[in-house]
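> have a look at this prediction, sequence included:
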Amino acid sequence: MTVQDILAKLVSFPVFGGENNLNIINWINDYIENFGVETSLVYNETKTKASLHCRIGPSVDGGVILSGHTDVVPVKEQPWDTNPFELVEKPDDNLYARGSCDMKGFLACCLSVLPIMVKAKLKKPIYFAFTYDEEVGCLAAPSLIDHIKKTYSEKPRYAIIGEASMLQPIIAQKSIHIIDITVNGSQGHSSRIKQEVSAIHEAARLVLWAEEKMNALINSGSIDPRFNPPHSSLHTGIINGGIAPNIIANKAFLSLDIRCLPQDDASQMYQDLKDYCKSREETLKSIFEGFRIDVAENHPIVPSLNTSENSDVIDLIGNITGNYEWSTVSYASEAGHYSNAGFESIICGPGSIAQAHRANEYISKDQLIKGLEMIENLVKHLEISI
């Protein structure tokens with residue numbers, strides 16, 4: 001199968017974040033095992049989802065993990081011109097489908113080069129590490145990484161996370177933490193606004209708290225010019241509540257997106273939010289005893305990435321892509337999990353992140369071929385690496 005054939009097969013599986021992914025992971029598993037490579041599946045508790053890992057090459061320290069995810073974001077209400085789950089090649093030399101860029105293009109490159117890998121005389125091993133539920137919080141990465149560390153007696157050195165970067169090495173990313181907040185106030189006539197506790201008004205205070213927190217971090221000098229924006233960000237993306245303009249709302253909901261610089265403590269920020277909510281509860285219980293603010297994680301913190309500018313993994317990427325000029329991103333990926341587990345980690349993959357998560361997502365044929373060449377060059381590098 002060509003890399004384009006493999007990509008066409010991968011995008012035909014409409015596996016969204018949070019959903020059963022066994023159809024695509026079993027297809028990948030069968031494909032890999034056909035080349036005589038032993039695989040391991042790491043299931044969730046209900047065995048409705050699985051991650052996959054395998055090793056190609058010798059059982060020695062210093063290998064390279066190629067990391068990707070099998071899930072994609074939804075297509076509902078997006079104005080697609082073609083079937084999102086059928087790879088369509090257009091005269092502009094782009095390949096259109098959901099996941100073509102984010103990030104099944106990278107998976108296709110890895111799988112396409114597998115026949116070369118198994119025949120190569122690798123001096124260091126290559127590992128595939130493919131997860132589920134990346135798009136809803138990188139939920140499967142910790143268990144997969146833990147299973148990799150327990151399965152192999154040797155220790156991989158590098159992790160390449162193949163998110164779309166136009167094959168530019170990305171050495172740092174912000175963390176992300178999404179928090180759902182439900183405000184429980186008291187219902188009443190709008191004329192009694194001072195005698196009741198409006199959930200909407202308290203939700204508005206939380207929005208302002210988040211903005212003031214962000215501004216305070218900026219004013220304190222917590223800046224990293226490598227990022228855009230160069231500071232941690234707090235953003236309210238969802239807010240709703242109330243049933244009529246003349247009824248004090250007894251319930252409101254908001255969702256807060258926090259993206260922290262590597263130097264800022266995401267866990268402390270979450271604690272600061274909970275402390276503020278607690279203080280508001282204590283202040284307003286004298287007006288309404290049942291006032292409560294429920295704070296819950298939409299998903300755990302996805303850790304930041306902050307690979308050293310002097311890390312050898314940058315040279316590795318330069319050797320296999322010709323691109324030594326690194327950058328940073330404000331989106332989150334599984335790279336932070338790999339870095340925290342002790343692997344020199346970097347983001348580098350084919351396609352542009354500007355095409356991800358939108359209607360008519362595509363990867364150019366040129367980028368797909370360059371991604372293929374990157375993996376082929378990795379094989380050549382590891383054949384002579386000692």
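In hand now; what should we look at?
> residue 53 falls within a helix, correct?
No - under DSSP: H, G, I helix; E, B strand; the rest coil, residue 53 sits outside any helix and is assigned strand.
> tell me where the stretch 201-350 of the chain has strands.
233-241, 247-248, 251-260, 292-297, 305-306, 327-329, 344-347 (DSSP state E, counting those that start in this stretch).
> quick one: closest of those strands to residue 384.
Relative to residue 384, the nearest member of those by CB to CB is strand 344-347, separated by 19.5 Å. No exception for glycine: its C-beta is placed from N, CA and C like everyone else's.
> same for that closest one, what does it pack against?
Packing contacts for strand 344-347, counted by 3 or more CB pairs under 8 Å, 6 or more residues apart in numbering; DSSP states H and E, involve strand 158-161, strand 170-173, helix 312-321, helix 335-340.
> most tightly surrounded among the strands of the stretch 201-350 of the chain?
strand 344-347 (a mean of 26; mean count of other CB atoms under 10 Å).
> next secondary structure element downstream of that strand?
strand 362-364 (DSSP states H and E).
> list the contacts of the very next helix or strand once past that next one.
As assigned by DSSP H and E, the chain's next helix or strand after strand 362-364 is helix 365-384. If you take CB atoms under 8 Å, 6 or more residues apart in numbering as the criterion, helix 365-384 is touched by 3-4, 7, 57, 63-64, 66, 89, 93-95, 105-106, 108-110, 112-113, 116-117, 120-126, 162, 166-167, 316, 319-321, 348-352.
> show the buried residues in those residues.
When the contacts of helix 365-384 are checked for burial by 16 or more other CB atoms under 10 Å, the buried set is 3-4, 7, 57, 63-64, 66, 94-95, 105-106, 108-110, 112-113, 117, 120, 122-126, 162, 166-167, 316, 320-321, 348-351.
> for the residue nearest to residue 64 when sequence neighbours are not counted, what are its contacts?
What sits nearest to residue 64 in space, not counting adjacent residues and going by CB to CB, 6 or more residues apart in numbering, is residue 158, at 4.6 Å. Counting by CB under 8 Å, 6+ apart, residue 158 touches 63, 64, 65, 312, 313, 316, 343, 344, 345, 346.
> what is the nearest of the residues you listed to residue 207?
Looking across the contacts of residue 158 and measuring by CB to CB, the closest to residue 207 is residue 345, at 34.2 Å.
> what residue ranges in the stretch 1-150 of the chain score low on pLDDT?
For the stretch 1-150 of the chain, no stretch is flagged by pLDDT under 70.
> now the helices for it?
Using DSSP state H, counting those that start in this stretch, the helices of the stretch 1-150 of the chain run over 3-11, 22-33, 104-119, 141-151.
> and the shortest one, what does it pack onto?
Spelled out, it's helix 3-11. By 3+ CB pairs under 8 Å, 6+ apart, helix 3-11 packs against helix 22-33, helix 104-119, helix 365-384.
> could I have the CA atoms of it written out in CSV?
Extracted in CSV, the C-alpha atoms of helix 3-11 (Å, rounded to 0.1, in the frame of the first residue of the first chain):
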residue,chain,number,x,y,z
VAL,A,3,1.2,6.2,1.9
GLN,A,4,-1.9,7.7,0.2
ASP,A,5,-3.7,4.4,0.2
ILE,A,6,-3.0,4.0,3.9
LEU,A,7,-4.1,7.5,4.6
ALA,A,8,-7.4,6.9,2.7
LYS,A,9,-8.0,3.8,4.9
LEU,A,10,-7.2,5.7,8.2
VAL,A,11,-9.5,8.6,7.4
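> compute the inter-axis angle for that helix and helix 22-33.
Between helix 3-11 and helix 22-33, the angle comes out at 150 degrees (axes from the mean of the first three to the mean of the last three CA atoms, to 10 degrees).
> that's all I had, so thanks and see you.
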